[in-house]
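Trainee: Give me the fold of what follows.
(one chain, ligands or ions: 2)
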Amino acid sequence: VVSVTLLKYHIAIDPGSLDRVGDLVRAHAKAHRYAIITDDNVGALYAGRVRAALGAERSSIYSMAAGEAAKTRETWARLTDAMLADQLGRDTTVVALGGGVVGDVAGFVAATFMRGVPVVQVPTSLLAMIDASIGGKTGVDTDPRTNLVGAFHQPALVIADPDVLRTLPVAHRRAGLAEAIKHGVIADAAYLDRVTDIAPAVAAEAAPSVDLTPLVAGSVRIKAAVVATDEKEHGMRKILNFGHTLGHAIEAESGYGMLHGDAIAVGMVLEARLGERLGITAAGTADRIADIARAAGLPVDVPPEIDPAAVLARTRTDKKARAGVVEYALPTRVGMMTGGGKGGTWSVAVSDGDVRAVLAR
Ligand SMILES: NC(=O)c1ccc[n+]([C@@H]2O[C@H](COP(=O)([O-])OP(=O)(O)OC[C@H]3O[C@@H](n4cnc5c(N)ncnc54)[C@H](O)[C@@H]3O)[C@@H](O)[C@H]2O)c1
Ligand SMILES: [Zn+2]
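Mentor: Residues are numbered from 1 along each chain as shown. Ligands and ions are numbered 1, 2, ... in the order given. Predicted structure coming up:
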């Protein structure tokens, strides 16, 4: 059992914990009724076990369609209406069982239901375990993958059972690894070495035979430590955006055909090259990231059908673009980010010309 207690809430990472959700929830977030919100894929596999663990008489299952397209205000309304129709009240705790889509929507339902009830995050994808379930961001999309409507709503408890990753489709295992690579680059060189070692086993077609607990725990510790110092994203939390300024632009230019993690892998390689070009990042960092990404089955180049000029234009409409200058979170070397220190900005302004040069390679 790994318990991470860097934040106000407890994060339990433990193989088999899905069957102990009841004990954990009673210890950390006891409620009269439990609303298990899940999607059709994850629900079919795991919702029955979670309901049994919580006690069938006090828990109900609410399912949404799987996938990003269902992360909408309409889904939020339908789930909320179903809970109201079941006469759930303030003494309800929402249990978010699924990937990042379920976590974000169920978290937003919890943030708004009766002006806010507790949410327990039970992430089932690698991305949700190491990224989306920690930090309290919840919401829905208006346009694809924009997350423009939502709320900060910290979970009462997070329960990650690495065993459930055996059923996660391989493309999503690889995409999740991109965020683990990011965690190593931004905060911990030794952790990046461990990610490098485990990546081929996690990225293999066959379900992973290795225990993923150390991977999940290592990433959770890094994300939790960053979030703990900057809960509302004013400063240091910006380092989590490494690879995401160009990554988001590439993802959008792909018409969201690329998985987020795939686009972020390309974004990390390009942004490290940008840092090297600017003399900020140690030489060889971009090549190192590219090697690990390849071992993780992730792309490292902008797909040929994507126009670099369009990617550049997209960075300028990014949420992170301030006053016409695009800010990048860049490493100085593996394990260390630039821009910290007293009153640190944790990001640097970069000119279009430098970005263009890196995209042109
Ligand atoms: N709140 C945050 O801080 C934050 C951070 C990063 C990403 N996100 C959000 O997370 C979302 C992406 O999350 P995701 O990659 O988990 O996508 P997802 O929730 O769509 O899950 C991916 C697919 O895997 C399936 N799945 C999940 N777990 C499974 C399992 N154990 N076995 C079999 N199938 C399983 C799902 O049904 C889905 O089809 C995006 O909407 C993104 O905006 C949020
Ligand atoms: Zn990301």
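Trainee: Quick one: the helices in the stretch 201-350 of the chain, in order.
Mentor: With DSSP state H, counting those that start in this stretch as the definition, the stretch 201-350 of the chain shows helices at residue ranges 213-229, 244-253, 260-277, 285-295, 308-315.
Trainee: for the fourth one, which positions count as buried?
Mentor: I take that to be helix 285-295. 285, 286, 288, 289, 290, 292, 293, 295 (16 or more other C-beta atoms under 10 Å). For the C-beta atoms, the positions are set from N, CA and C on the backbone; glycine is no exception.
Trainee: hey, where'd the strands end up in the protein?
Mentor: 2-4, 10-13, 33-39, 59-64, 92-98, 119-123, 137-140, 149-152, 157-160, 321-322, 325-328, 331-333, 336-337, 348-350 (DSSP state E).
Trainee: What pairs with the third one, parallel or antiparallel?
Mentor: Right, strand 33-39. strand 59-64 (parallel), strand 92-98 (parallel) (DSSP bridges).
Trainee: And ligand 1, is it touching that?
Mentor: Yes - applying C-beta under 6 Å from any ligand atom, one finds strand 33-39 touching ligand 1 at residue 39.
Trainee: Between strand 119-123 and that strand, find me the angle.
Mentor: Angle, strand 33-39 to strand 119-123, by axes from the mean of the first three to the mean of the last three C-alpha atoms, to 10 degrees: 40 degrees.
Trainee: thinking again about what came up before, could the helices of the stretch 201-350 of the chain be laid out in TSV, adding distance to residue 198?
Mentor: Below are the helices of the stretch 201-350 of the chain laid out as TSV (distance: least, C-beta to C-beta, whole Å):
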stretch	distance to residue 198
helix 213-229	6
helix 244-253	22
helix 260-277	16
helix 285-295	10
helix 308-315	31
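Trainee: Need these in CSV (columns: distance to ligand 1 and mean pLDDT).
Mentor: Shown next, in CSV, are the helices of the stretch 201-350 of the chain (distance: least, C-beta to the nearest ligand atom, whole Å; pLDDT from 0 to 100):
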stretch, distance to ligand 1, mean pLDDT
helix 213-229, 9, 95
helix 244-253, 10, 96
helix 260-277, 6, 98
helix 285-295, 17, 98
helix 308-315, 17, 94
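Trainee: To ligand 1, which of the strands paired with strand 33-39 lies closest?
Mentor: strand 92-98 (5.6 Å; C-beta to the nearest ligand atom).
Trainee: Now the closest one - C-alpha only, CSV.
Mentor: Provided in CSV are the C-alpha atoms of strand 92-98 (Å, rounded to 0.1, in the frame of the first residue of the first chain):
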residue,chain,number,x,y,z
THR,A,92,-24.5,12.0,-0.8
THR,A,93,-20.9,11.4,-1.8
VAL,A,94,-20.2,11.1,-5.5
VAL,A,95,-17.8,8.2,-6.5
ALA,A,96,-16.1,8.9,-9.8
LEU,A,97,-15.1,5.6,-11.3
GLY,A,98,-13.4,5.9,-14.7
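Trainee: which residues does the nearest residue to residue 131 once chain neighbours are set aside contact?
Mentor: Among residues not flanking residue 131 along the chain, residue 179 sits closest, at 4.8 Å (C-beta to C-beta, 6 or more residues apart in numbering). Taking C-beta atoms under 8 Å, 6 or more residues apart in numbering, we find residue 179 in contact with 126, 127, 130, 131, 219, 261, 264.
Trainee: In this model residue 183 seems to touch the last one, though I could be wrong.
Mentor: Read that as residue 264. No - the pair residue 264 and residue 183 does not pass the contact test of C-beta atoms under 8 Å, sitting 11.7 Å apart.
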